[in-house]
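Asks: Got a predicted model here, sequence first, then my questions.
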Amino acid sequence: MKTVHAIYENGVFRPEIPVELPEHCRVAFEPRMLAETDEKPSLDDVYAVLNQRFASGESDVAARHDEHQP
């Protein structure tokens, strides 16, 4: 069994990737809401991160930038 992620828009479930099923076939599924990942952080969230960096005492956080890159 394969999990298909979809977005619910205008009363229709739209798969996020192509699904290999015949047209007009019937399917059964149990919708389960996932955590929102597209939410943008609020300014309070941004300021909290900046405050942590400032309070860390590290003077050049850009020097360690590449440590977190894929």
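Replies: Arrived safely. Being a predicted model, the structure only gives us computed values, none of them experimental.
Asks: what about stretch 60-67, average pLDDT?
Replies: Mean pLDDT, stretch 60-67: 71.
Asks: Give the buried residues for that stretch.
Replies: Of all the residues in stretch 60-67, not one is buried under the rule 16 or more other CB atoms under 10 Å. C-beta here means a position set from N, CA and C on the backbone, and glycine is covered the same way.
Asks: Touching that stretch from outside, list them.
Replies: Contacts to stretch 60-67, defined as CB atoms under 8 Å, 6 or more residues apart in numbering, come from residues R53, E58.
Asks: Between the two ends of it, what distance do you get?
Replies: One end of stretch 60-67 to the other measures 13 Å (CA to CA, to the nearest Å).
Asks: cool, stretch 53-62 as well?
Replies: 11 Å.
Asks: now stretch 5-13
Replies: 9 Å.
Asks: Neighbours of V49, how many?
Replies: For V49, the count of nearby residues is 10 (other CB atoms under 10 Å).
Asks: make that F13, sorry
Replies: By the criterion of other CB under 10 Å, F13 has 13 neighbours.
Asks: Okay, and it sits in which element?
Replies: strand 12-15 (DSSP states H and E).
Asks: Give me the distance between that strand and the centre of its chain.
Replies: Mean C-alpha position of strand 12-15 versus that of the full chain (CA atoms, centre = their mean, to the nearest Å) differs by 18 Å.
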